[in-house]
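**Q** No sequence on hand, only this structure:
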């Protein structure tokens, strides 16, 4: 009897080992869709979530326990939301790939404190003050570009002059988003002119927003620029580049932009992502609904379509 139990235990260990290998291969495929900047963070998140378990053993209760564990160590709501979102994304990918028989993550609704944005949104007046009180030309245009184009900080940092396309209708940005996904965002004439004005005699491969050393700005440097602008504008709450992207979505919706337009401009793969982004607010390209400095900014996004 003991030998039978031992043989069964060995078989179970072998099966678990096979599952772990298959899980690792699936996770690699899932991470291949992500940008380089997020791969490490997502891998840490799912390693913490799985904690040695195989994907086929995960249940909805495990997501609930994971959320509770994260809240118990006093992580910021935004950090909790990212980690839970990473776990749900992996589970959804495993289901859509046929690896799991059902979508465990799709059945889980995170608590309101996790799923909602933890920081209040910037008002239009606050964004306007951040821009107009910025003394530096480059930084002023950087702030406008983050807001009007709704860019992620990683998307802004990798912009080169080869991504700035000028035509009869102004300037279009070729934006390289998560997973190398490309979209085009047209800028209003005033911002187009200001952006082109900061270009010196540099090649097409040179960064649009250069550091003092001549290379591209890092995400940390952009964060410092945004924080300084917020302090200058008298904003006491924490502000980051993501705050300007959040503000783009909220302000565009408030001015009547269709949610599909906001999703396209921000590069969301689904309007459901955009709906979670802006909450339960009522719903031309979304940037055209933004107001900055007394003028209406007109932007548009055409995903995957060359100008």
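**A** On my side now, so go ahead. Small disclaimer: the values here were computed from a predicted structure and weren't measured. Residues are numbered from 1 along each chain as shown.

**Q** Run through the helices of the chain in chain order.
**A** Using DSSP state H, the helices of the chain run over 2-31, 36-50, 60-72, 77-96, 112-115, 124-132, 137-149, 153-157, 189-197, 219-232, 241-254, 259-266, 271-278.

**Q** per-residue confidence averaged over the second one?
**A** Confidence for helix 36-50, expressed as mean pLDDT, is 85.

**Q** Pull the residues that contact that helix.
**A** Residues from elsewhere that reach helix 36-50, judged by Cβ atoms under 8 Å, 6 or more residues apart in numbering: 23, 27, 31, 34, 58, 62, 66, 82-83, 86-87, 89-90, 154, 178, 219. Using the backbone N, CA and C atoms, a C-beta is placed for each residue, glycine as well.

**Q** Any idea how far apart the tips of stretch 174-183 sit?
**A** The first and final residues of stretch 174-183 sit 6 Å from each other (Cα to Cα, to the nearest Å).

**Q** try stretch 127-142
**A** 13 Å.

**Q** buried sites along that stretch?
**A** By neighbour count on 16 or more other Cβ atoms under 10 Å, the buried set for stretch 127-142 is 127, 128, 129, 130, 131, 134, 139, 140, 141, 142.

**Q** so who does the residue nearest the centre of the chain touch?
**A** Centroid-nearest residue in the chain: residue 152, 5.8 Å away (criterion: Cα atoms, centre = their mean). Contact partners of residue 152, counting by Cβ under 8 Å, 6+ apart, are 177, 178, 241, 242, 245, 267.

**Q** So which of those residues wins on neighbours?
**A** Neighbour counts for those, by other Cβ atoms under 10 Å, peak at residue 241, which reaches 24 neighbours.

**Q** wait, doesn't residue 159 sit right on residue 205?
**A** No. Contact between residue 159 and residue 205 fails when scored by Cβ atoms under 8 Å: they sit 11.3 Å apart.

**Q** Give me the more crowded residue out of these two.
**A** Each of residue 159 and residue 205 has its neighbours counted (other Cβ under 10 Å); residue 159 has more, 22 against 9.

**Q** Not counting sequence-adjacent ones, nearest residue to residue 204?
**A** Once flanking residues are discounted, residue 204 sits nearest to residue 162: 4.0 Å by Cβ to Cβ, 6 or more residues apart in numbering.

**Q** Revised request: answer the last question for residue 143.
**A** residue 131 (5.1 Å).

**Q** isn't the one you found right up against residue 144?
**A** Yes. Contact criterion Cβ under 8 Å: residue 131 and residue 144 qualify, at 5.7 Å.

**Q** Residue 245 - nearest residue in space that isn't next to it in sequence?
**A** Residue 245 sits nearest to residue 150 (Cβ to Cβ, 6+ apart), 5.2 Å away.

**Q** Is it correct that that neighbour is in contact with residue 265?
**A** Yes. Residue 150 is within contact range of residue 265, at 5.2 Å (criterion: Cβ under 8 Å).

**Q** higher neighbour count, those two?
**A** Between residue 150 and residue 265, residue 265 has the larger neighbour count (other Cβ under 10 Å), namely 30 against 27.

**Q** now that one: how far from residue 258?
**A** The gap separating residue 265 from residue 258 is 11 Å, by Cβ to Cβ, to the nearest Å.

**Q** Residue 68 now?
**A** Counting by Cβ to Cβ, the gap from residue 68 to residue 258 is 37 Å.

**Q** cool, residue 101 as well?
**A** Applying Cβ to Cβ, the value for residue 101 to residue 258 is 36 Å.

**Q** Those two: who's more crowded?
**A** residue 258 (16 against 9).

**Q** Could you check how far the more buried one is from residue 220?
**A** Taken as Cβ to Cβ, the span from residue 258 to residue 220 is 35 Å.

**Q** shaky segments in the stretch 1-150 of the chain?
**A** Scanning the stretch 1-150 of the chain with the threshold set as pLDDT under 70 gives 1-16, 37, 74, 78, 107, 109-120.

**Q** Next up, the contacts around residue 145.
**A** Taking Cβ under 8 Å, 6+ apart as the criterion, residue 145 is in contact with 151, 156, 173, 187, 191, 195.

**Q** can you rerun that using 7 Å?
**A** Shown in contact with residue 145 (Cβ atoms under 7 Å, 6 or more residues apart in numbering): 151, 156, 195.
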